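Asks: take this sequence and fold it.
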Amino acid sequence: MKTELILMRHGQTDWNKAGRLQGRTDIPLNETGRAQARAAGQKLSGIPFDVIYASPLRRAVETACLAAGAAANAVRTDERLIEISFGVLEGTDERQFDPQFFLAPQSYVPPRGGEGFPAVCDRTQAFLREILVRHRGQRLLVVSHGAALACLLLRATGGTLAHLWDDFNMANCATVTVADDGAGPYIARPLSAAEADALRPAYVGSPQAERG
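Replies: A predicted model of the protein is given here:
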């Protein structure tokens with residue numbers, strides 16, 4: 001009995017576009033982000049979802065609604081899917097941010113009030129483990145954020161933090177499918193080659209390095 005999770009990053013926001021550190025600041029989608037979510041929904045049309053989960057932040061909930069054609073009350077929110085916190089630096093220009101975040105995530109030290117990668121990995125892994133038991137044999141849509149999804153996928157595949165961004169730096173509304181047939185989670189559909197190539201290299205100042 002296979003369980004399938006289609007993981008999706010939320011659509012674009014004005015802070016993504018402007019290159020501002022977003023983290024847990026509750027910024028809504030912009031019109032581009034809404035169009036991205038609708039386009040993602042077209043690609044998923046015909047795929048029935050038993051359950052829809054999202055981060056509690058508006059940009060994730062709205063993306064889930066638009067992509068799945070669902071009402072907000074049909075989306076279950078879970079705090080463990082929320083984005084990494086940038087603490088006192090949220091809202092600032094990402095070009096002034098610590099380049100270790102992308103280039104050497106194993107050495108990244110969060111700013112005051114922020115969250116480190118190990119904590120994000122722990123909470124997203126806890127979510128994944130619980131969901132795979134609770135919804136065994138079902139298909140789920142899970143909408144979250146760039147760092148949160150990268151950490152979830154890292155733990156699902158048993159990777160090391162140094163390679164956090166190698167394969168899982170997801171563009172807005174990109175999807176990765178995780179499946180579990182009883183032997184443990186595995187990547188059933190990774191980022192396409194075109195998606196992955198478009199996201200490398202990701203570093204401060206790169207147009208792909210949109211945080212949150």
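Asks: drop to CA atoms for contacts and neighbour counts, all remaining ones
Replies: OK.
Asks: now the helix or strand hosting residue 124: mean pLDDT?
Replies: Using DSSP states H and E, residue 124 sits in helix 117-134. Average pLDDT, helix 117-134: 97.
Asks: summarise which helices and strands that helix is packed against.
Replies: helix 146-157 (3 or more Cα pairs under 8 Å, 6 or more residues apart in numbering; DSSP states H and E).
Asks: what's the helix it packs on packed up against?
Replies: With contacts defined as 3+ Cα pairs under 8 Å, 6+ apart, helix 146-157 has these neighbours: strand 3-9, helix 117-134, strand 185-189.
Asks: give me that answer again for 10 Å
Replies: strand 3-9, helix 117-134, strand 139-144, strand 175-180, strand 185-189 (3 or more Cα pairs under 10 Å, 6 or more residues apart in numbering; DSSP states H and E).
Asks: quick one: which of those is nearest residue 105?
Replies: Residue 105 lies closest to helix 117-134 among the helices and strands packed on helix 146-157, at 7.6 Å (Cα to Cα).
Asks: report the buried residues of the closest one.
Replies: For helix 117-134, burial by neighbour count (16 or more other Cα atoms under 10 Å) applies to 117, 120-121, 123-125, 127-128, 131-132.
Asks: need the residues you listed in JSON lines with distance to residue 138, can you?
Replies: Below are the buried residues of helix 117-134 laid out as JSON lines (distance: Cα to Cα, whole Å):
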{"residue": "117", "distance to residue 138": "29"}
{"residue": "120", "distance to residue 138": "25"}
{"residue": "121", "distance to residue 138": "24"}
{"residue": "123", "distance to residue 138": "22"}
{"residue": "124", "distance to residue 138": "19"}
{"residue": "125", "distance to residue 138": "18"}
{"residue": "127", "distance to residue 138": "16"}
{"residue": "128", "distance to residue 138": "13"}
{"residue": "131", "distance to residue 138": "10"}
{"residue": "132", "distance to residue 138": "9"}
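Asks: picking that back up, the inter-axis angle of the helix holding residue 124 versus strand 185-189?
Replies: Between helix 117-134 and strand 185-189, the angle comes out at 90 degrees (axes from the mean of the first three to the mean of the last three Cα atoms, to 10 degrees).
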